[in-house]
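>>> Predicted model and sequence follow; I will ask about them next.
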Amino acid sequence: MSSYNIPIGPVHVVLEEPIYFKLQVEGETVVGLDINAGHVHRGIEFLTMQRNFYQNLTLTERVCSLCSNNHPFTYCMALEKLAGIEIPVRAEYLRTIADEIKRIASHLFNIGIIPHIIGFDSLFMHAMEVRESMQDLKESVFGNRMNLSVNTIGGVRYDITDEQSKYIVKTLENLKKPLAEITQICRTDASIRRRTEGIGVLPKDKAIAYGVVGPVARASGLPYDVRVVNPYAAYDKLTVYPAVEQNGDVFSRLLVRLQEAAESIRIIEQCLHDMPEGPTDLGYMPDIPAGEAIAKSEAPRGELIYYARTNGTPIPERIKWRVPTYPNWAALNVMMPGYKIADISVIIGSIDPCISCTER
């Protein structure tokens, strides 16, 4: 059997973002993998040390698009922890609502991409049409379809009126039926199951060894969810049920995201029902003293960690973050070998990689 290398990327059909894979192949079967990243390095971590704390709110939100809310959110939590700031309870609920709205939109994007990769374009268009209702919701409530700009140090920049609350509830109610339909199609359609079941398997022991996070981890039987194990914002006041599957394949990762989108709807409804009255921020711009702190959140792709070190000036001494795609794409070394060349795209797509987050 002939052995050869296949270069994939840095521009290819799976991702809008550039990353280079060199695959070692025997016949039609992948036997090895080298990942070459760094094509979109922008030096954002360096730029955060050239701007003051409040300018960095705008900068960190532009690390990535689909999980853009989690970056300033987690950045604010790190600085608030460092400065001993306790934000208003209403602001905690409002942060949680924005976080879950972004999670639904992000998951629906990947839920559509998987059928698109395997050629089921009618389901792809259906998923993207459903996602569009979340984009409209973001634009109506936050004024923007992607970067929400809701977080500030000490709270949030927005509030929800009774009319907006009713609009959110109605939009989420209208989302439930089409989401259930998409879930049913994914669970029963032969073409989807044939291309995803038993493909790109990441066993539980390997998931632990590689330290994968988010839906990739939960699809391999690891019930790790930052919202549950280390609650932040209003999550300690809410009931969150992590979606967990056991088979660790592409199909399991798709099911986890479908279940999480439905769970996010329930969490938002719970927030709107329980949210107290009160201020949404401190009412002033707090000073940040010298010190260091770490904060983490559950981004759509998994655990996002921010480290902040300050020296008493308005400009941070060091800002560092670790994004979920970093450990997840290393696990492709387990997911790809033994599978066919035709499976490469769907395996890569199933980890929902964000190259911009990782290379920053």
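It's in. Residues are numbered from 1 along each chain as shown.
>>> which of the residues in stretch 64-84 are buried?
Of the residues in stretch 64-84, those buried under the neighbour-count criterion (16 or more other CB atoms under 10 Å) are 64-83. In this view, the C-beta of every residue, glycine as well, is placed from N, C-alpha and C.
>>> ah, wrong one, I meant stretch 324-341
Those would be 324-329, 331-332, 334-336, 339, for stretch 324-341 by 16+ other CB under 10 Å.
>>> What segments of the stretch 101-250 of the chain are helices?
Remark: helices assigned in the stretch 101-250 of the chain by DSSP state H, counting those that start in this stretch are 121-142, 162-188, 190-196, 204-210, 214-218, 226-229, 250-274.
>>> Of those, flag the one that's most buried.
With neighbours defined as mean count of other CB atoms under 10 Å, the helices of the stretch 101-250 of the chain peak in mean count at helix 214-218, which reaches a mean of 29.
>>> Asp225 reaches Tyr232, doesn't it?
No: using CB atoms under 8 Å, Asp225 makes no contact with Tyr232, being 11.7 Å away.
>>> neighbour-wise, which of the two wins?
Each of Asp225 and Tyr232 has its neighbours counted (other CB atoms under 10 Å); Asp225 has more, 24 against 20.
>>> which ones are touching the more buried one?
218, 240, 242, 298 (CB atoms under 8 Å, 6 or more residues apart in numbering).
>>> My reading is that the last one lies in a strand. Confirm?
Yes: the secondary structure assignment for Glu298 places it in a strand, going by DSSP: H, G, I helix; E, B strand; the rest coil.
>>> Chain neighbours aside, what residue packs nearest to the most centrally placed residue in the chain?
By CA atoms, centre = their mean, the mean C-alpha position of the chain lies nearest to Pro300, the distance being 2.1 Å. Using CB to CB, 6 or more residues apart in numbering and skipping residues adjacent in sequence, the residue nearest Pro300 is Ser106, 3.7 Å away.
>>> Count the neighbours of that neighbour for me.
28.
>>> What about the buried residues of stretch 64-84, which are in helices?
Counting by DSSP state H, the part of the buried residues of stretch 64-84 found in helices is 70-83.
>>> Distance to Ile344 and pLDDT added to those residues, as CSV?
CSV is the format used below for these (distance: CB to CB, whole Å; pLDDT from 0 to 100):
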residue, distance to Ile344, pLDDT
Asn70, 28, 93
His71, 29, 93
Pro72, 34, 94
Phe73, 33, 95
Thr74, 32, 96
Tyr75, 35, 96
Cys76, 38, 97
Met77, 37, 97
Ala78, 37, 97
Leu79, 41, 97
Glu80, 42, 97
Lys81, 41, 96
Leu82, 43, 95
Ala83, 47, 95
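>>> Which single one of the contacts of Asp225 is nearest to Ala290?
Set against Ala290, the nearest of these by CB to CB is Glu298 (29.2 Å).
>>> just checking, that closest one touches Tyr224?
No: Glu298 is beyond contact range of Tyr224, at 9.3 Å (criterion: CB under 8 Å).
>>> any idea how far the closest residue to Ala127 other than its chain neighbours lies from Ala261?
Nearest-residue entry for Ala127: Gly112, 3.3 Å, with adjacent residues in sequence omitted and distances by CB to CB, 6+ apart. Computed as CB to CB, to the nearest Å, the Gly112 to Ala261 distance reads 11 Å.
>>> now the ones in helices among the buried residues of stretch 64-84 in JSON lines, with distance to Ile351?
Shown next, in JSON lines, are these (distance: CB to CB, whole Å):
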{"residue": "Asn70", "distance to Ile351": "17"}
{"residue": "His71", "distance to Ile351": "19"}
{"residue": "Pro72", "distance to Ile351": "24"}
{"residue": "Phe73", "distance to Ile351": "22"}
{"residue": "Thr74", "distance to Ile351": "21"}
{"residue": "Tyr75", "distance to Ile351": "24"}
{"residue": "Cys76", "distance to Ile351": "27"}
{"residue": "Met77", "distance to Ile351": "25"}
{"residue": "Ala78", "distance to Ile351": "26"}
{"residue": "Leu79", "distance to Ile351": "30"}
{"residue": "Glu80", "distance to Ile351": "31"}
{"residue": "Lys81", "distance to Ile351": "30"}
{"residue": "Leu82", "distance to Ile351": "32"}
{"residue": "Ala83", "distance to Ile351": "35"}
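>>> With respect to Glu132, which of those is nearest?
Among these, and counting by CB to CB, the member closest to Glu132 is Asn70, at 21.6 Å.
>>> so the closest residue to the closest one other than its chain neighbours bridges to which residues?
Closest residue in space to Asn70, ignoring its immediate chain neighbours: Ala299 at 4.0 Å, by CB to CB, 6+ apart. Beta bridges link Ala299 to Gly302, judged by DSSP bridges.
>>> Looks like Ala299 contacts Gly214 (just checking).
Yes: counting by CB under 8 Å, Ala299 touches Gly214, with 7.3 Å between them.
>>> Kindly confirm my reading that Val30 is in a helix.
No: assigned with three-state DSSP, Val30 falls outside any helix and is strand.
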